[in-house]
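**Q** Quick one, what's the 3D model for this:
(chains A, B, C and D)
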There are 2 protein chains.
Amino acid sequence: MSRYERTCLIRGDGGRAIRRILDRIGNKWTLLVVATLDDQRMRFTELQQRIPGVSQRMLSLTLRNLERDGLVSRTAYAEVPPRVEYALTDVGRTLIEPAVRLAEWAVEHDPDIERSQRAFDERNK
Amino acid sequence: MSRYERTCLIRGDGGRAIRRILDRIGNKWTLLVVATLDDQRMRFTELQQRIPGVSQRMLSLTLRNLERDGLVSRTAYAEVPPRVEYALTDVGRTLIEPAVRLAEWAVEHDPDIERSQRAFDERNK
DNA sequence: CAGCATCCCTTGAGATACTG
DNA sequence: CAGTATCTCAAGGGATGCTG
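**A** Now for the predicted structure:
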């Protein structure tokens, strides 16, 4: 793939492709939920325990959006007390790979970036 | 790399790694600017023309943050009228690869996702 | 247990006007 | 040309309380 073709994938259609995905995963909790469910299917409360800092409200909203997008499946069992299990779908699992690439980039270049920020702030203070 | 190790890259440190990168690139214009600069170094106005919809203010803010992070270099020439050129740094270029992966994922799975959304909305209307 | 409803505050981002 | 300064609005997200 040429350089032009690569960036066209991002810039194509006025950037709508990249916008759609960032609108989905760019928020605070989505990728954390997906990564947590990669281990195993899980109940609501367990998910909340494994994701430090997430509120009931935000976990609920995040899961509903993921279900709507077809990345997570929701299974409610007719029991008392209620039991609901969430799991990644096949499509949801395919998101892990590019997300991990991004995380690798973040971990690898974070020192450079922090150094650059300090230098910049020093120059412009 | 095991499944556990992969997702730990995302979830590690309470999700701070993924948060840092999403705070950087998750906004509306950053990846578009980076992708546009992948072609060639470019002046402010040219950049604005090539990125449909970006305002002067947002382009300015986006470029300053990218410069602060060390992903974009800014070169001002002492001329009248002023000329300023922006270009990707070496670190900035390394971001293209994972970003393209993400865009590929978006393009590939967008039909699935839109179908899932319509079905979800139909069920819950 | 697994949530929804409400309130509130902060941030992202657009529009407009001005400047070295 | 290449920005900055203000203003404004909408969305994201936290805290709290309630419920089938």
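**Q** When you work out contacts or count neighbours from here on, use the C-alpha atoms and nothing else.
**A** Noted.
**Q** Could you list the buried residues of the helix or strand hosting A:Ser73?
**A** A:Ser73 is part of strand A:72-77, with elements assigned from DSSP states H and E. By neighbour count with 16 or more other C-alpha atoms under 10 Å in any protein chain shown, strand A:72-77 contains the buried residues A:72-74.
**Q** Stretch A:45-65 now?
**A** Neighbour counts over stretch A:45-65 (16+ other C-alpha under 10 Å) mark A:47-48, A:51, A:54, A:59, A:62-65 as buried.
**Q** and the residues you listed near chain B, which?
**A** A:Ile51 (C-alpha under 8 Å from any C-alpha of the partner chain).
**Q** Reformat the buried residues of stretch A:45-65 as CSV; add secondary structure and pLDDT.
**A** Output for the buried residues of stretch A:45-65, formatted as CSV (DSSP: H, G, I helix; E, B strand; the rest coil; pLDDT from 0 to 100):
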residue, secondary structure, pLDDT
A:Leu47, helix, 98
A:Gln48, helix, 98
A:Ile51, coil, 96
A:Val54, coil, 97
A:Leu59, helix, 98
A:Thr62, helix, 98
A:Leu63, helix, 98
A:Arg64, helix, 98
A:Asn65, helix, 98
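**Q** now the end-to-end length of stretch A:26-34.
**A** In stretch A:26-34, first residue to last residue: 13 Å (C-alpha to C-alpha, to the nearest Å).
**Q** does it come close to chain B?
**A** Yes - using C-alpha under 8 Å from any C-alpha, stretch A:26-34 comes into contact with chain B via A:26-28, A:31-32.
**Q** Pick the one among the buried residues of stretch A:45-65 closest to DNA strand C.
**A** Nearest to DNA strand C, judged by C-alpha to the nearest atom of the strand, of the buried residues of stretch A:45-65 is A:Arg64 at 6.8 Å.
**Q** top of the residues of stretch A:26-34 next to chain B by neighbour count?
**A** Among those, the one with the most neighbours (other C-alpha atoms under 10 Å in any protein chain shown) is A:Leu32, at 27 neighbours.
**Q** which residues touch that one?
**A** Applying C-alpha atoms under 8 Å, 6 or more residues apart in numbering or on different chains to A:Leu32 gives the contacts A:51, B:10-11, B:15.
**Q** Please, where are all the helices along chain A?
**A** Secondary structure of chain A (DSSP state H): helices at A:3-25, A:30-39, A:44-50, A:56-69, A:90-123.
**Q** OK, contacts around A:Glu67?
**A** Counting by C-alpha under 8 Å, 6+ apart, A:Glu67 touches A:73-74.
**Q** Then A:Arg20?
**A** A:Arg20 neighbours (C-alpha under 8 Å, 6+ apart): B:Ala106.
**Q** Relative to A:Asp38, which of the buried residues of stretch A:45-65 is nearest.
**A** A:Asp38 has its nearest neighbour among the buried residues of stretch A:45-65 in A:Leu47, at 11.5 Å by C-alpha to C-alpha.
**Q** Go ahead and flag the most central residue of chain A.
**A** Residue closest to the average C-alpha location in chain A (C-alpha atoms, centre = their mean): A:Leu31, at 1.7 Å.
**Q** got a pLDDT number for that one?
**A** At A:Leu31, the predicted lDDT confidence score is 97.
**Q** what does A:Ile18 give?
**A** At A:Ile18, pLDDT is 87.
**Q** Neighbours of it, how many?
**A** Count around A:Ile18 with other C-alpha under 10 Å applied: 28.
**Q** Next up, the contacts around it.
**A** Per C-alpha under 8 Å, 6+ apart, neighbours of A:Ile18: A:10-11, B:31, B:102-103, B:106.
**Q** Nothing else from me, thank you.
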